[in-house]
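K.L.:
no sequence for this one, just the structure:
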């Protein structure tokens, strides 16, 4: 008698296999978000330094 099961067992579903293009899309999304955040903070600091400069 074999102990190999031929029918699926009820339990947690197997995780979905992520393709390389999904990982690449996530990486690009993260880089764009990082770029936007960096530019936003740089512009904010520039604006604050211009407004608080002596003689303005």
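P.N.:
Looks like it arrived, so ask away. Given the structure is predicted, the values throughout are model-derived calculations rather than measurements. Numbers count the residues shown, from 1 in each chain.
K.L.:
and residue 49, how far from residue 41?
P.N.:
12 Å (CB to CB, to the nearest Å). Backbone N, C-alpha and C define where each C-beta goes, glycine included.
K.L.:
which stretches of this structure form helices?
P.N.:
For the chain, the helices defined by DSSP state H cover 20-51.
K.L.:
contacts only, for the spatially most central residue of it.
P.N.:
Against the mean C-alpha coordinate of the chain, by CA atoms, centre = their mean, the closest residue is residue 30 at 4.3 Å. Residues counted as contacts of residue 30 (CB atoms under 8 Å, 6 or more residues apart in numbering): none.
K.L.:
pLDDT weak spots in the protein?
P.N.:
1-2, 4-11, 14, 56 (pLDDT under 70).
K.L.:
if you set the cut-off to 80 instead, what comes out?
P.N.:
Applying pLDDT under 80 to the chain flags residues 1-16, 56.
K.L.:
may I see the buried residues of stretch 44-56?
P.N.:
Buried residues in stretch 44-56, counted by 16 or more other CB atoms under 10 Å: none are found.
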